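**Q** sharing a model prediction with you, sequence too.
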Amino acid sequence: MMRSEDHSEETARMKVTIIGLDIAKSVFQVHGTDASGKCLLKKKLGRSEVISFFEKLERCLVVLEACSTSHHWARVIRDTGHEVKLIPPEMVKPFVKRGKKNDAVDAAAICLAAIHPDTRFVPIKNREQQSLLSLHSTRTLLVKQQTMLVNALRALAAEFGLIVPLGNARLPELLAKIETSSNLPDALKQTTMLLFEQYGRLNESIENLEGGIRTHAKQDEDARRLLTIPGIGPVTASLIVASVTDIGAFDTARHFAAWLGLVPRQHSSGGKTRLGRITKTGNREIRKMLVLGATSMLYRAQKWDSAAGVWLCKLLERRPGRLATVALANKLARIIWVLLSRKEIYRPAGRSVAIV
């Protein structure tokens, strides 16, 4: 004979239309509501119970917060027959009850945020996209480690008066100075040689990763479009294509730039508009790569024969270089949106045409 608790849970499952799922490493919290928002189901699931639970549940909308492992679980749950959506964490935060922070409250907040008319969702990445992003994330980590290693190497050598100009290309000069110095302690030579060997291994690994990234940029149609933009290289083009699943999710070019955190903060009141520094929200890595690309174009502004080049030169006449760099990164983001939306390539005169 079925127990009353089991019967009530089974009845609730029959009516649930939206599931808010708060995911974690081992424990998952389920919050189910009907079409009117009434709570019908609250349940904790172990990691091994997730698939069987959703296989038994009638088809409904399952909403997860976009975070670590969320794309994996979205694909797994979608394979059980449910509609799955990912919601940005900043959309959920306003619905979390003040003074209460636990998994059950978070799952309920996800449900409330999902039915709000202004909510935007995050496209679910497939396995190929996440595999490509692993190349970029690994490269970023190794570049950071390489920078730390070079800084440590220069600092150790500077303690003994050995200094070379900035730039990794000048490191062989530093190595030669260390090897030819007769009055250096053996311990210093041993540690610096160890760091140079580690630098060589990191440099080789980074080059291998960048080789895979360049291959993708040459093969992908959208990446090739982005490569026609001055200041956009293979790494940036590949990263954008892998990160932006659906450019149609952004209604305008400004929305795309805002997603990258390249638009100014607004502090407006009483009809007066006050703009501050850029928001720095959204995808940090793409924003960083666009700013680096814009910085490289800053030094070539006079030779950049295009509408954007003329605009940049005029901007530099009245604004500092750093501000112009960020403004150009914003413009590059908007150009990217146009090319991906219209399936066109960049033309210096300010017009874009479709690839034949």
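**A** Cool, got the structure.
**Q** drop to CA atoms for contacts and neighbour counts, all remaining ones
**A** Noted.
**Q** the stretch 201-350 of the chain: helices as residue ranges?
**A** Listed in chain order, the helices of the stretch 201-350 of the chain (DSSP state H, counting those that start in this stretch) span 221-226, 234-243, 253-259, 284-298, 307-318, 321-342.
**Q** show me where the stretch 1-150 of the chain has helices.
**A** Using DSSP H, counting those that start in this stretch, the helices of the stretch 1-150 of the chain run over residues 4-15, 50-56, 70-78, 89-92, 103-114, 127-158.
**Q** so which other helices or strands are in contact with the second one?
**A** Under the contact definition 3 or more C-alpha pairs under 8 Å, 6 or more residues apart in numbering; DSSP states H and E, helix 50-56 sits against helix 70-78.
**Q** nearest spatial neighbour of the residue nearest the centre of the chain, skipping sequence neighbours?
**A** For the chain, the residue sitting closest to the mean C-alpha position, by C-alpha atoms, centre = their mean, is N283 at 3.5 Å. In space, N283 comes closest to L260 once its chain neighbours are excluded; the distance is 5.4 Å by C-alpha to C-alpha, 6 or more residues apart in numbering.
**Q** correct me, but the one you found touches E285?
**A** No. Under the criterion of C-alpha atoms under 8 Å, L260 makes no contact with E285, lying 9.1 Å away.
**Q** please identify which of these two sits among more neighbours.
**A** Neighbours were counted for L260 and for E285 using other C-alpha atoms under 10 Å; L260 has more, 23 against 17.
**Q** mind checking how far the more buried one is from L227?
**A** Plainly put, L260 is 19 Å away from L227 if you go by C-alpha to C-alpha, to the nearest Å.
**Q** what touches both of L260 and E285?
**A** Taking C-alpha atoms under 8 Å, 6 or more residues apart in numbering as the contact rule, L260 and E285 touch no residue in common.
**Q** reformat the helices of the stretch 1-150 of the chain as JSON lines; add distance to L21, mean neighbour count and mean pLDDT.
**A** Conversion of these to JSON lines gives the following (distance: least, C-alpha to C-alpha, whole Å; neighbours: other C-alpha atoms under 10 Å; pLDDT from 0 to 100):
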{"stretch": "helix 4-15", "distance to L21": "14", "mean neighbour count": "14", "mean pLDDT": "55"}
{"stretch": "helix 50-56", "distance to L21": "10", "mean neighbour count": "14", "mean pLDDT": "95"}
{"stretch": "helix 70-78", "distance to L21": "10", "mean neighbour count": "19", "mean pLDDT": "96"}
{"stretch": "helix 89-92", "distance to L21": "12", "mean neighbour count": "16", "mean pLDDT": "91"}
{"stretch": "helix 103-114", "distance to L21": "5", "mean neighbour count": "23", "mean pLDDT": "93"}
{"stretch": "helix 127-158", "distance to L21": "21", "mean neighbour count": "15", "mean pLDDT": "95"}
